[in-house]
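1. task: produce atomic coordinates for the following.
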Amino acid sequence: MKDLRIIPVTNMELVYSLVPIAEEIWREHYIPIIGEKQVEYMLEKFLSADALVEQINSGYEYFLLSYDYTFAGFAGIKEENGKLFLSKLYVDKDFRGKGIASYMLKKFVEICKLRELNKIWLTCNRHNTNSLEVYKHLGFVTAREEVTDIGEGFVMDDFIMEYDVE
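-> So this is what the prediction gives:
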């Protein structure tokens, strides 16, 4: 791994640094899967500065990922019911295939061990084939399917995937 740094998002300056990264990654990756209208709705609802601050205030932890001194992506986690919810793990297209997701999973496993959590779980759009393959390669298994109404006529049509922490 070159120079990958994990920067905890602990102030508004870092929140404002995360938002454009989220917007770029989401538009590039998700418009072909769920369409522009739903992407824009979800960016505002879940990844705007206000939404991120609200999530951080309710227990989410966010991290900017810096690879060779360039922001390469971000991650978000939350401890829930003895498990770690991997809410977000997004890597910019220019940095995919460099082992960042594998490295981050190792860090999340370390967090689980420190906090005595036995499982990492996430949601992944069932049509997001590239990400599903990455998660399977990392050792996640599909536990179930879930369709969640997120308002404005939009739904999240996801697989719930789990990783057992050993």
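2. in three-state terms, label the residue most central in space within the chain for me.
-> Nearest to the geometric centre of the chain sits residue 88, at 1.1 Å (C-alpha atoms, centre = their mean). Secondary structure state of residue 88, per DSSP: H, G, I helix; E, B strand; the rest coil, is strand.
3. next: residue 101.
-> helix.
4. any idea how far it is from residue 16?
-> 25 Å (C-beta to C-beta, to the nearest Å). Backbone N, C-alpha and C define where each C-beta goes, glycine included.
5. now swap in residue 24 and tell me
-> 14 Å.
6. following the longest helix anywhere in the chain, which helix or strand comes up?
-> If you go by DSSP state H, the chain has its longest helix at helix 12-34. Per DSSP states H and E, the first helix or strand lying C-terminal to helix 12-34 is helix 36-47.
7. buried ones in that next one?
-> By neighbour count on 16 or more other C-beta atoms under 10 Å, the buried set for helix 36-47 is 38-39, 41-43, 46-47.
8. show me the contact partners of it.
-> Contacts with helix 36-47, where a contact means C-beta atoms under 8 Å, 6 or more residues apart in numbering, come from 18-19, 22-23, 26-27, 30-31, 34, 51, 55, 150-152, 154.
9. stretch 84-98 now?
-> 1-2, 21-22, 24-26, 28-29, 55, 60, 62, 65, 67, 70-79, 100-101, 104, 108, 111-112, 115, 117, 119-122.
10. all helices for this structure, in order.
-> Here the chain has its helices, by DSSP H, at 12-34, 36-47, 49-57, 100-115, 129-138.
11. which residues of the protein score low on pLDDT?
-> Scanning the chain for pLDDT under 70 picks out 1-2.
12. name the nearest of the contacts of helix 36-47 relative to residue 165.
-> residue 55 (23.0 Å; C-beta to C-beta).
13. ok, now which ones touch that closest one?
-> 46, 62, 76, 78, 87.
14. fine by me, we can end here.
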